[in-house]
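Participant: Below is the sequence, then the predicted model.
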Amino acid sequence: MLSVVVLISGSGSNLKALLDATDNPLFGAKVVAVGSDNPADGLAHAEHYGIPTFVVSPSAFDSREKWAEVLLANINHFKPDLVVLAGFMRILPANFVSALSPNLINTHPSLLPAFPGGHAVRDALNAKASVTGVTIHVVDEGVDTGPHIAQASVPVLAEDSEYDLHERIKVVERELLVATVKDIATKKIHLPSLAK
Ligand code: GRF
């Protein structure tokens, strides 16, 4: 059974999709803890399933590296096989990434390498892209630059607001994230060979 720690920053709808899927013992992966950088609303999904949560706020530390060390210690306490960034809106320093990668994956709401960074949906709209989507990738030390694991596209509609487009992307994103974690659990996807 693949054990997974999920990190979130917000509403946690991707987390909820993973929790619902992994609640089935036949899925092959289980979420063992959920962490956040703030008291995020999405932590309630973990509490609903009786899964432990932790919050490590960067504001409590005088450097990103020290914050990341404590975040990493909280994660390592649960000895996960995989860490999933599911809407975790912080850039992680090299000490954190090198300790976990390639068993550290992120979901990003664009077809990378297009529109990396924290405003991917807005940037796709501003660029008048006709298609955007979602990318799940191994996290490396850059911002949304790691090797791609899976992608799915979503058309941009003429009347789309940022909210509407992001909500349509998230429907596809949740499915792709669940399918990707399943493929990692069943060894259809081998992260170390992707990272080379
Ligand atoms: C997702 O689209 C994720 O890719 C992005 O933020 C969103 C988080 O949504 N970085 P949720 O918190 O899982 O609902």
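Facilitator: Alright, I've got the coordinates.

Participant: Check what pLDDT the closest residue to residue 46 other than its chain neighbours gets.
Facilitator: In this structure, residue 46 finds its nearest non-sequential neighbour in residue 34, 3.9 Å apart by Cβ to Cβ, 6 or more residues apart in numbering. (Glycine included, C-beta is placed from N, CA and C.) Residue 34 is assigned a pLDDT of 98 by the prediction.

Participant: Same question for residue 172.
Facilitator: 98.

Participant: so is it in a helix, a strand, or just coil?
Facilitator: helix (DSSP: H, G, I helix; E, B strand; the rest coil).

Participant: rewinding a little: I figured the residue nearest to residue 46 hits residue 5, correct?
Facilitator: Yes. Judged on Cβ atoms under 8 Å, residue 34 makes contact with residue 5 at a distance of 7.2 Å.

Participant: Residue in this protein with the shortest distance to the ligand?
Facilitator: Residue nearest to the ligand within the chain: residue 87 (2.6 Å; Cβ to the nearest ligand atom).

Participant: Wasn't that residue part of a strand?
Facilitator: No. Per three-state DSSP, residue 87 lies outside any strand segment and is coil.

Participant: Show the backbone phi and psi for it.
Facilitator: phi 80, psi 40 (degrees, to the nearest 10).

Participant: Please tell me how far it sits from residue 71.
Facilitator: Separation of residue 87 from residue 71 (Cβ to Cβ, to the nearest Å): 16 Å.

Participant: Need the phi and psi values for residue 128.
Facilitator: The phi/psi pair for residue 128 (degrees, to the nearest 10) is phi 60, psi 40.

Participant: how about the residues of the protein near the ligand?
Facilitator: The chain comes close to the ligand at residues 8, 10-15, 42, 86-87, 107-109, 170, 173, as judged by Cβ under 6 Å from any ligand atom.

Participant: Highest neighbour count among those?
Facilitator: residue 15 (30 neighbours; other Cβ atoms under 10 Å).

Participant: Show me the helices in this structure, by range?
Facilitator: Under the criterion DSSP state H, helices of the chain are mapped to 13-22, 43-48, 64-76, 94-100, 120-126, 162-185, 191-195.

Participant: Quick one: closest of the ones you listed to residue 29.
Facilitator: Closest approach to residue 29 among these (Cβ to Cβ): helix 162-185, 4.0 Å.
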